[in-house]
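**Q** here are the coordinates; sequence isn't available:
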């Protein structure tokens, strides 16, 4: 409070001097338009105090922020970034940082961009030795990067300077081994925190932004080096680690589709892509006639089970290659095991999720590496967290891990109960629809082509929960969730040898095959049978679990009695047609 009072007094004196003296204006608060005019004053002290006063006024006040923009204050503040006086630079940065802070200031952010603010900030960052100014500049860029329409401008104009001026020097990558005091400086660096926060926002700007960031020399290497340094010093929960992990997660997205094939392939594959050389096109004759060339091995022939040299890498990975190299698995798993920061956990799980998706060779290598590093139990344990976003990322990562046959066996054996536990029961769900759907998708992959896993799901009570979900269309769950649950039930039904086993559970299945078709089958239950009442306008039939109708358009409508105990078939759906379809399906 004392510093604020001292600042206001100093500003009042400068204001009075600038406006002609005490006699004319006496003591009063200046109008905002007057303060903005003082940004152009010929005294640097007046300019500095005017900028500081704007910073003070704008703090937490969106109305003042919009008014400063309307009166042209942002353009004048951007001009002051090139001022030769340090205090003017510092206060102009502070005012801009407040003016563009928050979700409601996108117009101000666009105004900064249109006023040439991003190149001006980069120039100041490059030339200033002052730590506070560097913190303020990177803070302004972090705030600006939250606006979608400004992200690509920052990527184009500031990505290289931020990497070379802040990320690489502060990370210690490529330098001599860091001393303990250097590591401590890394953890407490506001400049690095702000810059990694800015890069995190930029990495979510779309495919072109991701491409430029992957190609930025030293960026991926430095971000991973920061993570490894923090892991080695047990600094798992800092904002810097969170920003780095979330940036790498975004840059790991759609790698198979977005990276040039030559970057994702080994030497042999690259030769195939480019075609044989000129000499190889000539017939290679010997005294025995035409010599046959050896058939090149496809990547499917170069499987890697987590042990030994990794096919496709001739040396140490560098640059973007580090994103998908199996060595990246270990630091991610360490964070998943040790961090208590939900955003870091979500980012690390999301990175493994992105890297293990699809059918490309390195996705298979990542899945094998996770198993080799004993990462599956770490992921399974995180399913028990009370954090929706973490559970969603972990469930999707487990789904991708299950694409590996050995992983599928292990997940079915050791994780089935945890997956089923995350399915909602009859009460209200604590998880979002997106997360419930992710768990269902994981169960679907784990039970596909593995009968023992299907049996384990039934034994752990998963069928009851899946049926409850499938009956909640439009009331409790979205169509996406209902269809995901139905997909699992459909997969379970494909195992004919388990149908007798399923009889032990007496439940009503309601499975949505598509938005317009409701497929049902009912377990025969003598208790419910006695409760049912005949009606001249309704025909009904009791069936066992084996009776499942997979065709569309069978029922005109479906009714239940008031207790929900009986299911009736509309009179227009004749029993003969019902049984004919059943017999045909089970031939």
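**A** Perfect, thanks for sending it. Every value quoted in this text rests on a predicted model; they were computed, and no experiment measured them.
**Q** what average pLDDT does stretch 409-426 get?
**A** Computed over stretch 409-426, the mean pLDDT rounds to 94.
**Q** start to end distance for it?
**A** As for stretch 409-426, its first-to-last residue distance stands at 29 Å under the measure Cα to Cα, to the nearest Å.
**Q** same thing with stretch 439-453?
**A** First-to-last residue span, stretch 439-453, Cα to Cα: 15 Å.
**Q** how about it: buried residues?
**A** Of the residues in stretch 439-453, 439, 440, 441, 442, 443, 444, 445, 446, 447, 448, 450, 453 count as buried by neighbour count, 16 or more other Cβ atoms under 10 Å. Glycine gets a C-beta too; all of them are placed from N, C-alpha and C.
**Q** again, but for stretch 206-217
**A** 209, 210, 211, 212, 213, 214, 216.
**Q** residues contacting whatever helix or strand residue 396 lives in, please?
**A** Following DSSP states H and E, one finds residue 396 within helix 388-401. Helix 388-401 has contacts (Cβ atoms under 8 Å, 6 or more residues apart in numbering) with 342, 345-346, 349-350, 352-353, 356-357, 363, 367, 370-371, 376, 379-380, 382-383, 385, 407, 411, 415, 419, 422, 430-432, 434-435, 438-439, 441-442, 444-446.
**Q** at 7 Å instead, please
**A** Here helix 388-401 makes contact (Cβ atoms under 7 Å, 6 or more residues apart in numbering) with 342, 345-346, 349-350, 352-353, 356-357, 367, 370, 376, 379, 382-383, 385, 407, 411, 415, 422, 431-432, 434-435, 438-439, 441-442, 445.
**Q** same question for stretch 244-256.
**A** Residues from elsewhere that reach stretch 244-256 (Cβ under 7 Å, 6+ apart): 196, 199-200, 203-204, 210, 213-214, 223, 226-227, 264, 323-324, 335, 343-344, 347-348, 350-351, 354-355, 358, 360.
**Q** where exactly do the strands run in the stretch 151-300 of the chain?
**A** 285-286, 289-290 (DSSP state E, counting those that start in this stretch).
**Q** these: lowest mean pLDDT?
**A** When I compare the strands of the stretch 151-300 of the chain, strand 285-286 is least confident, with a mean of 39.
**Q** in stretch 377-388, what's buried?
**A** Here stretch 377-388 shows 378, 379, 380, 382, 383, 387, 388 as buried, counting by 16+ other Cβ under 10 Å.
**Q** equivalent analysis for stretch 114-132, please.
**A** 115, 117, 118, 120, 121, 122, 124, 125, 128.
**Q** quick check: chain neighbours aside, which residue is closest to residue 204?
**A** What sits nearest to residue 204 in space, not counting adjacent residues and going by Cβ to Cβ, 6 or more residues apart in numbering, is residue 250, at 5.4 Å.
**Q** and the one you found, how many neighbours does it have?
**A** The number of residues packed near residue 250 is 22, by other Cβ atoms under 10 Å.
**Q** likewise for the one 4 residues further on?
**A** Around residue 254 sit 14 other residues, with neighbours defined as other Cβ under 10 Å.
**Q** now it. Its backbone dihedrals?
**A** Main-chain dihedrals, residue 254, degrees, to the nearest 10: phi 60, psi 40.
**Q** pLDDT wise, what is residue 276 at?
**A** Residue 276 is given a pLDDT of 39.
**Q** I misspoke; the intended subject was residue 404.
**A** 96.
**Q** spit out the contact partners of it.
**A** Neighbour list for residue 404: 364, 367, 368 [criterion: Cβ under 7 Å, 6+ apart].
**Q** now the second one: closest residue in space, sequence neighbours ignored.
**A** Looking back up the chat, that one is residue 367. Distance criterion Cβ to Cβ, 6+ apart; nearest residue to residue 367, sequence neighbours excluded, is residue 404 at 4.1 Å.
**Q** hang on, the earlier thing: for the buried residues of stretch 114-132, which one is nearest residue 484?
**A** residue 118 (43.3 Å; Cβ to Cβ).
**Q** let me know the pLDDT of residue 17.
**A** pLDDT recorded at residue 17 is 51.
**Q** roughly how far apart are residue 365 and residue 373?
**A** Between residue 365 and residue 373 the computed distance is 12 Å (Cβ to Cβ, to the nearest Å).
**Q** more neighbours, the two?
**A** Shown here are residue 365 and residue 373; by other Cβ under 10 Å, residue 365 has more neighbours (25 against 16).
**Q** if we can go back for a sec, in the buried residues of stretch 439-453, find the pair that's most separated.
**A** 439 and 450, at 17.2 Å, using Cβ to Cβ across the buried residues of stretch 439-453.
**Q** my read: residue 441 touches residue 484, true?
**A** Yes: with contacts counted by Cβ atoms under 7 Å, residue 441 reaches residue 484, the gap being 5.8 Å.
**Q** overlap in contacts of those two?
**A** By Cβ under 7 Å, 6+ apart, no residue touches both residue 441 and residue 484.
**Q** need the helices for the stretch 201-350 of the chain, in chain order.
**A** Along the stretch 201-350 of the chain, the segments classed as helices by DSSP state H, counting those that start in this stretch run 207-215, 219-232, 239-251, 255-258, 261-264, 267-274, 278-281, 321-324, 329-338, 342-355.
**Q** for residue 143, grab the count of nearby residues.
**A** 25.
**Q** nope, residue 480 is what I was after
**A** That count, for residue 480 with other Cβ under 10 Å as the rule, works out to 13.
**Q** and it, what element?
**A** Using DSSP H and E, residue 480 maps to helix 479-493.
**Q** pull out the buried positions in that helix.
**A** 481, 482, 483, 484, 485, 486, 487, 488, 489, 491, 492, 493.
**Q** just checking, what packs against it?
**A** Here helix 479-493 touches helix 433-447, helix 462-470, strand 508-514, going by 3 or more Cβ pairs under 7 Å, 6 or more residues apart in numbering; DSSP states H and E.
**Q** and the chain, what are its domains?
**A** Domain segmentation of the chain under automatic domain parsing yields 2-206, 516-587.
**Q** and the ones you listed, which one averages the lowest pLDDT?
**A** Of all the domains of the chain, domain 516-587 carries the lowest average pLDDT, namely a mean of 38.
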